[in-house]
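Visitor: Sequence first, predicted model second:
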2 protein chains.
Amino acid sequence: MLRVPYDDLFRALLRAMQRLGLQGERGALCARLFAETTRDGVYTHGLNRFPRFAEMVDNGCIDVSAVPSRVAAAAALERWDGHLGPGNLNAYAAMQRAIELARLHGLGCVALANTNHWMRGGSYGWQAAEAGVFALCWTNTLPNLPPWGAQVPVLGNNPLVVAIPRADGAHVVLDMALSQFSQGALSAYAVRGERLPVPGGYDASGTLTVDAEEINASRRMLPIGYWKGSGLSLTLDLLAAMLSGGLATHQIPRDPMRESGVSQVFVAIDPGSFAARGDLDRIAAGIIESLVAAVPVDPARPVRYPGQQTLMLREENLRLGVPVDPQTWARLLALAG
Amino acid sequence: MLRVPYDDLFRALLRAMQRLGLQGERGALCARLFAETTRDGVYTHGLNRFPRFAEMVDNGCIDVSAVPSRVAAAAALERWDGHLGPGNLNAYAAMQRAIELARLHGLGCVALANTNHWMRGGSYGWQAAEAGVFALCWTNTLPNLPPWGAQVPVLGNNPLVVAIPRADGAHVVLDMALSQFSQGALSAYAVRGERLPVPGGYDASGTLTVDAEEINASRRMLPIGYWKGSGLSLTLDLLAAMLSGGLATHQIPRDPMRESGVSQVFVAIDPGSFAARGDLDRIAAGIIESLVAAVPVDPARPVRYPGQQTLMLREENLRLGVPVDPQTWARLLALAG
């Protein structure tokens, strides 16, 4: 593993974006979202994801020139069309619009059709929290999760993000797929030859297993909470497709290189007109304090909240350099020209 | 088990409510919500829950005369105070107000503080779906769930409800606690002496177990998806307490007979002003069709969607009579006078 200064990573990504046809502010934002994802330690969805992003520009799934447009509105609720533009730019624009609607109406919702993989979902949670608002957002995906009681994947693992702003910047940002392990996590365990800490899916015979390779082979990932995550995945897909008017999971191409046209929902909530920031912050502090004070199972591993590790890794990676895979980094530099 | 006609169950509950001091429409609605819960097969939260409800009126936790009031508003976002009134009446009023806000603004959110246990959360999902709108709602609870990595319960199992309306009344309504098994489900397994189908928590030594009694003794229920449900529970508590200005889980009395002053959030979404009902319905039908067509693990058990069983049980219980425990039924008749 190699560590490179954050600015070097950003500039290389920026030049690569320009080579892909993403100019000006759009190229800068797209590069920043990729670079920040790696900076924050979500290695599967930052630089390591860029080669696939570039290939999907080449194969026509991602239209770098497409910008999202509003197709319908009802006060605080809007429907947008992503026109198959870059997924992270579309998602960022949708959350930005949801935040504007929340400032106007107390809360706002943007349902986005015809978009592409948003890369790290947590990016849009941090975006809202940095703007001082609460947010929920989710995306559907290609079919990769068998419903409870089924042998074949017809649901998506539909990542869900929940963000709570705190005055000191220590925002709580939950970013989780509804499979017990994300596909990125499964692949990482498989590459390392490590067993999963808890069952993550089924082997070819239909038995629960901790072997990531068996799960990749059977295509039977386990939803969180068995039947519960299966039900939650279904309802998030229904909400995303119906509110946006876009594709549902069962209509999205099953080839990961062709996973395009997904549907997403962005909700922002701003109680700022009636709730004092200090009062909100005291409530959050009390909750977090009671959590981190809970007697741990392992005294060496205190209880953490979602987002806490992100800030630690961000600080470390800015200080020591951002860890990159040497081959992927070389490939990026070649692409960046 | 005894089966009684739905109308008899409703009328007995109505008289019992009147004896508790709930008159007129409020008594009728409270009785209906209890009766419908049993009619729909959620036996833990209908008639079987009524004795505890009556005791908590007696011990002062539930104020039958209290009605909720709005304390702050920002267009589509409102804060209400439940004044420790009956939890199901407060929740019904809050969802009704969220639906009104959604009709006006596209979506609406009511955050409710100082309320009581809402009994069956799914009731408010069905309420929204019957009104033709989408809904999400959740509640915090007393501390009953250890955060991931902790030995002691400082989070709640915070039930979450998601509702999707369909034109034919076959609404999709997900109603799930964030523990792998609700407390009612654990107790039912313990009473029957049955093993859980999957691990539901830890025994006294900290090992995962399928023994419901061991989990009740250790007070260490398992969150759905291990660390994932733990994170989701935390964020739902943060949202509920911060948006409502009410109590967080760590502040709610740990004695189930004193579990009072909980916080809840009700979100309703109405795209009706720009989306044709028929178009929405076709999207939903396509998703449900792809789900129920999935090859099942057990050919005798086709894949189902959340809410499907509710409609089957409702039909059966209206036809054959609603199943009641003879002792609880006798106790209700005595209370009803």
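Guide: Structure's in. What do you need?
Visitor: Give me the distance from stretch A:328-337 to the chain's centre.
Guide: Here stretch A:328-337 is found 24 Å from its chain centre; the criterion is Cα atoms, centre = their mean, to the nearest Å.
Visitor: what does stretch A:213-233 give?
Guide: Chain-centre distance of stretch A:213-233: 18 Å, with Cα atoms, centre = their mean.
Visitor: So is it next to chain B?
Guide: Yes. Stretch A:213-233 is in contact with chain B by Cβ under 8 Å from any Cβ of the partner chain, via A:224-226, A:228-229, A:231-232. Bear in mind the C-beta positions are built from the backbone N, C-alpha and C, glycine included.
Visitor: Would you indicate which residues of that stretch are buried?
Guide: A:214-216, A:218-233 (16 or more other Cβ atoms under 10 Å in any protein chain shown).
Visitor: Okay, helices next: where are they in the stretch 151-300 of chain A?
Guide: A:183-192, A:212-218, A:227-244, A:277-292 (DSSP state H, counting those that start in this stretch).
Visitor: mind giving me a markdown table with the ones you listed and columns for mean pLDDT and distance to A:Ala135?
Guide: Below are those laid out as a markdown table (pLDDT from 0 to 100; distance: least, Cβ to Cβ, whole Å):
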| stretch | mean pLDDT | distance to A:Ala135 |
| --- | --- | --- |
| helix A:183-192 | 89 | 22 |
| helix A:212-218 | 94 | 31 |
| helix A:227-244 | 98 | 15 |
| helix A:277-292 | 98 | 14 |
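Visitor: correct me, but A:Ala135 touches A:Phe266?
Guide: Yes. Between A:Ala135 and A:Phe266 there is a contact at 7.1 Å, judged by Cβ atoms under 8 Å.
Visitor: Kindly state the beta-bridge partners for the closest residue to A:Gly106 other than its chain neighbours.
Guide: For A:Gly106, ignoring the flanking residues on the chain, the nearest one in space by Cβ to Cβ, 6 or more residues apart in numbering or on different chains is B:Leu77 at 2.8 Å. Beta bridges link B:Leu77 to B:Ala74, B:Cys109, judged by DSSP bridges.
Visitor: Burial check on B:Leu77, number of neighbours?
Guide: B:Leu77: 29 surrounding residues under other Cβ atoms under 10 Å in any protein chain shown.
Visitor: same check, this time on the one 4 residues further on
Guide: Each residue near B:Asp81 was counted by other Cβ under 10 Å, and the total is 20.
Visitor: tell me which element A:Glu36 falls in.
Guide: A:Glu36 is part of helix A:24-39 when elements are defined by DSSP states H and E.
Visitor: Skip ahead from that helix and say which helix or strand is next.
Guide: As assigned by DSSP H and E, the chain's next helix or strand after helix A:24-39 is helix A:50-58.
Visitor: Measure how far that next one is from the centre of its chain, please.
Guide: Relative to its parent chain, helix A:50-58 has a centroid offset of 17 Å by Cα atoms, centre = their mean.
Visitor: Repeat that for stretch A:150-162.
Guide: Distance, centroid of stretch A:150-162 to centroid of chain: 14 Å (Cα atoms, centre = their mean).
Visitor: What does the residue of chain A lying at maximal distance from its centre show for phi and psi?
Guide: Taking Cα atoms, centre = their mean, the residue of chain A most remote from its mean C-alpha position is A:Ser205, at 31.6 Å. A:Ser205 has phi and psi values of phi -90, psi 0 when expressed as degrees, to the nearest 10.
Visitor: which ones are touching it?
Guide: Listed by Cβ atoms under 8 Å, 6 or more residues apart in numbering or on different chains, A:Ser205 has no contact partners.
Visitor: mind redoing it with 10 Å?
Guide: Applying Cβ atoms under 10 Å, 6 or more residues apart in numbering or on different chains, we find A:Ser205 in contact with A:214, A:218.
Visitor: okay but the residue nearest to A:Gly106 is in contact with B:Ala102, surely?
Guide: No. B:Leu77 lies out of contact with B:Ala102 (Cβ atoms under 10 Å); the separation is 11.6 Å.
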